[in-house]
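Peer 1: Predicted model follows, preceded by the sequence.
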Amino acid sequence: MLDPKIIRSDLNSVAEQLKKRNFELDVATLEALENNRKACQVNTESLQNERNTKSKSIGKAKAAGEDIQPLLDEVAGLGEKLDAAKSELNEVQRQMDAILMGIPNLLHDSVPVGKDEDDNVEIRTWGQPKTFDFDVKDHVDLGAVNGWLDFETASKITGSRYVVMHGQMAKLHRALIQFMLDVHTNEHGYTEVYVPYIVNSESLKGTGQLPKFEEDLFCVDKEAGHYLIPTAEVPVTNIARDEIFDAAQIPLKMTSHTPCFRSEAGSYGKDTRGMIRQHQFDKVEIVQLVSADKAWDVLEELTLHAESILQKLELPYRTVVLCSGDVGFSAAKTYDLEVWLPGQQAYREISSCSCFGDFQARRMQARWRNPETNKPELLNTVNGSGLAIGRTLVAVLENYQQEDGSILIPEVLKPYMGGVEKLQA
RNA sequence: GGAAGGGUGGCUGAGCGGUUGAAAGCACCAGUCUUGAAAACUGGCAAGGGUUUACGCCCUUCGUGGGUUCAAAUCCCACCUCUUCCGCCA
């Protein structure tokens, strides 16, 4: 969430900035609530002060052996007045919180203004889209060979938007995971973490999925408030929730492989073919928790870490910066990596790298102690996919396909495939 | 699942109805001493919020939520969580 102080002191400028996101801030309501809050809080606190002072004097009088009855009479009725004031204040604060929790992050100045994904701006490209001297297939047709990708069986077992992988395809999927984790831990200095795939609602509030985006999540236990993770970002980032780290402990650099579960509630009819948009997919996530002064450099660095995976796999891609209308709720700036898919003749998102400033850290109360001031300060959070495994598998299939339908194994994956050179059609 | 015992500041840990936001120790910061460091000594040191031009004053917080009371870290209830033992189990 945003710093309540800037909302109080600079509401109009906040509203102005949010317009770039097509977000209309109800300034009048917020101002009215704020004025009300102020009055209620002052009133409540002065009543509390009165109660505390009088209670102490009763204690002293009693210790001195004096008659306390007159003092007790004085304090009669105070309790009810206090209760009334408190419940009024609570109600105002509840209303304000509801609004505050629904306000998206402010954007970084460098984010281009735009309406939707069509206004995203290409930053750089890497590699050339491959040309083939035969008719290319998409991953669904390629995966049909040998029953490698089996959507029918998955729909029997569960339903649409799931996949069963068989044999060498399942192994290739696993190889991608191992490869990515190895690169990030060995070359980029991340520590591998294994985390729960079910999280509580506090964690989801911390990273910003709740309260606003509950429909995107799978709830496994309504009563306990337990949900399947939509991304490793949630459990990994929440490692820092309610913690104060020493300066020597940051930056925290963590990577984790997890499955991700998304209801895809808002995407009916979109990408229904193949495994581009699944309810369950795997991802290797990279996360950094850093001091505020480093955050923007770290976003650039972390994006390059994700890009390096595509480069090692020799998959052509481009990097785009999301425009103001397309940046997610909690992010201040986002780069998407889009891999070239010959089967679609298009670049498709394979990674999303974002800097959140202190937006998530404030919700989580994730802090570090600055040795210069000796005071706790909010961390900044930066994360990205490094990469989405299912979509990477799709990209490998389509980019490494041969005319006979077999798939060459990228050089860097061969050690993970037990020396296998290609998936034989 | 059964039994018992815990959850207190950055950490360890005392307190078990009233001047305790909380002893003591560690860590940290400043100073004295020292060529410098260490040790020793002295002092400082929770977070969040409100209000004020400011000094300051005030409120909240001892796992969470409720209750009792003029007054709760302290008593009562529920829940969460950790440890140990037993049972069951991948």
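Peer 2: Here it is on my side, so go on. Numbering: from 1, shown residues only, chains lettered A, B, ... in the order given.

Peer 1: Look up which residues are beta-bridged to the residue in the stretch 201-350 of chain A positioned nearest to RNA strand B.
Peer 2: Among the residues of the stretch 201-350 of chain A, A:Ile244 lies closest to RNA strand B, at 4.7 Å counting by Cβ to the nearest atom of the strand. Quick note: C-beta positions are derived from backbone N, CA and C, even for glycine. According to DSSP bridges, A:Arg367 are recorded as the beta-bridge partners of A:Ile244.

Peer 1: right, and it touches A:Arg369 too?
Peer 2: Yes - taking contacts as Cβ atoms under 8 Å, A:Ile244 lies within contact range of A:Arg369: 5.7 Å.

Peer 1: Now for those two: what residues contact both?
Peer 2: With contacts taken as Cβ atoms under 8 Å, 6 or more residues apart in numbering, A:Ile244 and A:Arg369 have A:Pro376 as neighbours in common.

Peer 1: quick one, what contacts the nearest residue to A:Ile407 once chain neighbours are set aside?
Peer 2: Nearest in space to A:Ile407, with sequence neighbours left out and distances taken as Cβ to Cβ, 6 or more residues apart in numbering, is A:Leu423 at 4.2 Å. With contact taken as Cβ under 8 Å, 6+ apart, A:Leu423 is in contact with A:Asn146, A:Trp148, A:Gln168, A:Met169, A:Leu172, A:Ser406, A:Ile407, A:Ile409.

Peer 1: With A:Val111 instead?
Peer 2: Contacts were defined as Cβ under 8 Å, 6+ apart; by that measure A:Val111 touches A:Lys20, A:Val321, A:Leu322, A:Cys323, A:Ser324, A:Val327, A:Ala332, A:Lys333.

Peer 1: picking that back up, could I get the contacts of A:Leu423 as CSV with neighbour count, pLDDT and secondary structure?
Peer 2: Written out in CSV, the entries for those read as follows (neighbours: other Cβ atoms under 10 Å; pLDDT from 0 to 100; DSSP: H, G, I helix; E, B strand; the rest coil):
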residue, neighbour count, pLDDT, secondary structure
A:Asn146, 16, 92, helix
A:Trp148, 24, 97, coil
A:Gln168, 19, 96, helix
A:Met169, 23, 97, helix
A:Leu172, 23, 98, helix
A:Ser406, 16, 97, coil
A:Ile407, 24, 97, strand
A:Ile409, 19, 98, coil
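
Peer 1: Going by residue numbers, what spans are helices in the stretch 301-425 of chain A?
Peer 2: For the stretch 301-425 of chain A, helices defined by DSSP state H, counting those that start in this stretch occupy the ranges A:359-364, A:389-399.

Peer 1: what mean pLDDT does the last one have?
Peer 2: It stands for helix A:389-399. In this model, helix A:389-399 has a mean pLDDT of 98.

Peer 1: contacts for it?
Peer 2: A:130, A:136-139, A:142-143, A:163, A:169, A:172-173, A:176-177, A:180, A:257, A:274-276, A:278, A:281-284, A:309, A:313-316, A:339-343, A:348-350, A:407, A:410, A:413.

Peer 1: ok so, going back, looking at the contacts of A:Val111, which is nearest A:Pro112?
Peer 2: Within the set of the contacts of A:Val111, A:Cys323 lies nearest A:Pro112; the separation is 4.8 Å, counting by Cβ to Cβ.

Peer 1: Touching, the closest one and A:Gly114? I think so.
Peer 2: Yes - with contact defined as Cβ under 8 Å, A:Cys323 reaches A:Gly114; the gap is 2.9 Å.

Peer 1: Between these two, tell me which one has more neighbours.
Peer 2: A side-by-side neighbour count of A:Cys323 and A:Gly114, using other Cβ atoms under 10 Å, places A:Cys323 first with 22 against 17.

Peer 1: In contact with that one: list those residues for me.
Peer 2: In this structure, A:Cys323 makes contact with A:Val111, A:Pro112, A:Val113, A:Gly114, A:Lys115, A:Asp116, A:Glu117, A:Asp119, A:Asn120, A:Val121, judged by Cβ under 8 Å, 6+ apart.

Peer 1: swap the cut-off to 6 Å and go again
Peer 2: Shown in contact with A:Cys323 (Cβ atoms under 6 Å, 6 or more residues apart in numbering): A:Pro112, A:Gly114, A:Asp119, A:Asn120.

Peer 1: sec struct for the second one, please.
Peer 2: Going back to what we said before, that points to A:Gly114. The local conformation at A:Gly114, judged by DSSP: H, G, I helix; E, B strand; the rest coil, is coil.

Peer 1: Would you mind measuring from it to RNA strand B?
Peer 2: Taking Cβ to the nearest atom of the strand, to the nearest Å as the measure, A:Gly114 falls 33 Å from RNA strand B.

Peer 1: Give the full set of residues in contact with that residue.
Peer 2: Counting by Cβ under 6 Å, 6+ apart, A:Gly114 makes contact with A:Cys323, A:Ser324, A:Gly325.

Peer 1: 7 Å - rerun?
Peer 2: A:Asn120, A:Cys323, A:Ser324, A:Gly325 (Cβ atoms under 7 Å, 6 or more residues apart in numbering).

Peer 1: before we move on, back to that, now tabulate the contacts of A:Val111 in CSV and tack on distance to RNA strand B and pLDDT.
Peer 2: Listed next are the contacts of A:Val111 as CSV, based on distance: Cβ to the nearest atom of the strand, whole Å; pLDDT from 0 to 100:
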residue, distance to RNA strand B, pLDDT
A:Lys20, 26, 95
A:Val321, 32, 98
A:Leu322, 30, 98
A:Cys323, 32, 97
A:Ser324, 27, 97
A:Val327, 25, 97
A:Ala332, 20, 97
A:Lys333, 24, 98
